[in-house]
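# Here is a sequence with its predicted model. Questions after.
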Amino acid sequence: MRVRGRRRLRWAAVAGVVVAGGLVVWLWLGTGGRAIPLPRARAYTAFSACLLTGPRGLADERVAPVWAGMQEASLATRAKVSYLPVAGPGTVGAAMPDLATLVLRHCDVIIAVGPPETAAVSADSRRFPGTRFVTVGPGTARSNVTVVPAGSADAVRSRVASLVEAATQG
């Protein structure tokens with residue numbers, strides 16, 4: 001009886017190895033003999049461009065071409081781009097703390113879209129002479145503030161992309 005039990009155990013072990021081997025071969029052939037590639041991470045430079053928007057964020061139609069220009073510049077230069085919608089009502093008072101947040105994040109370029117956001121830049125840009133600002137729409141140019149006039153979506157996108165690309169060069 002003991003011999004029969006050992007034989008069954010051996011056959012069960014052999015069958016398990018065959019099934020496991022078949023599974024490995026099936027999985028190997030299922031991937032075409034190649035290992036599945038790991039997801040790729042994008043390497044960014046130390047440069048960052050930050051967008052200050054109204055409470056609607058990227059849903060605001062004035063913001064879409066600006067964000068598209070920033071993304072275009074990011075693809076060309078590997079600069080990091082991000083956005084921050086104003087928390088609270090769309091007022092200058094609500095925009096100023098969020099503008100300061102972007103300065104404290106060490107954004108190299110801060111782009112503001114919307115009347116309260118551009119007014120916050122006009123009011124506070126002198127306090128932060130080492131930061132470059134871009135306002136889209138009406139605004140006052142200064143040594144560290146560039147104004148992009150409101151225009152067609154393509155013109156705004158192109159101008160923002162070129163400003164961010166130029167800022168990454170120095």
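Cool, the structure landed.

# contacts, neighbours, all on C-alpha from now
Will do.

# hey, where'd the helices end up in the chain?
Here the chain has its helices, by DSSP state H, at 2-30, 64-77, 92-104, 115-124, 153-168.

# okay if I get these as CSV plus mean neighbour count and distance to T131?
Putting these into CSV (neighbours: other CA atoms under 10 Å; distance: least, CA to CA, whole Å) gives the following:
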stretch, mean neighbour count, distance to T131
helix 2-30, 11, 53
helix 64-77, 20, 17
helix 92-104, 18, 7
helix 115-124, 21, 11
helix 153-168, 19, 11
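
# Relative to Y44, which of those is closest?
Ranking the helices of the chain by their distance to Y44 (criterion: CA to CA) puts helix 64-77 first, at 8.4 Å.

# how many degrees apart are the closest one and helix 153-168 in direction?
40 degrees (axes from the mean of the first three to the mean of the last three CA atoms, to 10 degrees).

# returning to what we had before: least reliable of the helices of the chain going by mean pLDDT?
Of all those, helix 2-30 carries the lowest average pLDDT, namely a mean of 67.

# domain assignment for the chain?
The record assigns the chain these domain ranges, following automatic domain parsing: 1-39, 48-168.

# Among the helices of the chain, which comes closest to A141?
helix 115-124 (8.7 Å).

# Same list, the helices of the chain, but as CSV with distance to T135 please.
As requested, the helices of the chain are arranged in CSV below (distance: least, CA to CA, whole Å):
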stretch, distance to T135
helix 2-30, 53
helix 64-77, 10
helix 92-104, 12
helix 115-124, 6
helix 153-168, 10
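
# Straight-line length of stretch 148-156, end to end?
Taking CA to CA, to the nearest Å, the first and last residues of stretch 148-156 lie 7 Å apart.

# Go ahead and name everything in contact with that stretch.
Residues from elsewhere that reach stretch 148-156 (CA atoms under 8 Å, 6 or more residues apart in numbering): P65, V66, G69, V134, T135, V136, G137, P138, R159, V160.

# Could you give the separation of that stretch from the chain centroid?
Here stretch 148-156 shows a centroid-to-chain-centroid distance of 22 Å under the convention CA atoms, centre = their mean, to the nearest Å.
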